[in-house]
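Participant: what would the 3D arrangement of this be:
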Amino acid sequence: MAETALSIAREKAAGRGVDADFVVADALHLDRLGRVFETVLDCGLFHTFDSDERRDYVAGLASVTSRSGDLYVLCFSDVGPDTGPHPISQEELRAAFPRSGGWSVASVSPDRIQTRFDAQGAPAWLAKIERISSQD
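Facilitator: Now for the predicted structure:
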């Protein structure tokens, strides 16, 4: 599945003239990448984790997101009809990225996630989260 998704993403990026780097990694051990990115995208992964996994995932995201870098999270929302599996409340999303952990939630807005089970997409949150110094 990951290789197919990466292939599609690479083709789309190339077709749009976007210089992007796509890699396969264990989402709960992102520190093993040994790399840091200015922009990190999570499209439909955050909501799959339970609270302990979510803590580890966010720590891993911190290890690969540069200071002043941006993280974008698109996850299933708990608002509205026909929510996707494992919907997340806006409060849960915000709480996962505390200022004390070096994060600042810049915005969370309603959106949709394209899915196989709903042609119109499922209710989602789109969050922009900035990586800051935990002393800020």
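Participant: all helices of this protein, in order?
Facilitator: 2-15, 51-64, 90-95 (DSSP state H).
Participant: these: which one's closest to V105?
Facilitator: helix 90-95 (5.1 Å; CB to CB). In short, each C-beta sits where N, CA and C put it, glycine included.
Participant: let me have the helices of the chain in TSV, extended by distance to L71 and mean pLDDT.
Facilitator: TSV is the format used below for the helices of the chain (distance: least, CB to CB, whole Å; pLDDT from 0 to 100):
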stretch	distance to L71	mean pLDDT
helix 2-15	17	88
helix 51-64	6	95
helix 90-95	12	97
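Participant: those into TSV, with extra columns for distance to L126 and mean neighbour count?
Facilitator: What follows is the helices of the chain, written out as TSV (distance: least, CB to CB, whole Å; neighbours: other CB atoms under 10 Å):
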stretch	distance to L126	mean neighbour count
helix 2-15	18	11
helix 51-64	16	16
helix 90-95	10	15
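Participant: out of the ones you listed, nearest to D31?
Facilitator: So among the helices of the chain, helix 51-64 is nearest, using CB to CB, at 4.0 Å.
Participant: list the contacts for the residue nearest the centre of the chain?
Facilitator: Nearest to the geometric centre of the chain sits D42, at 2.4 Å (CA atoms, centre = their mean). With contacts defined as CB atoms under 8 Å, 6 or more residues apart in numbering, D42 is in contact with L61, L71, Y72, V73, L74, C75.
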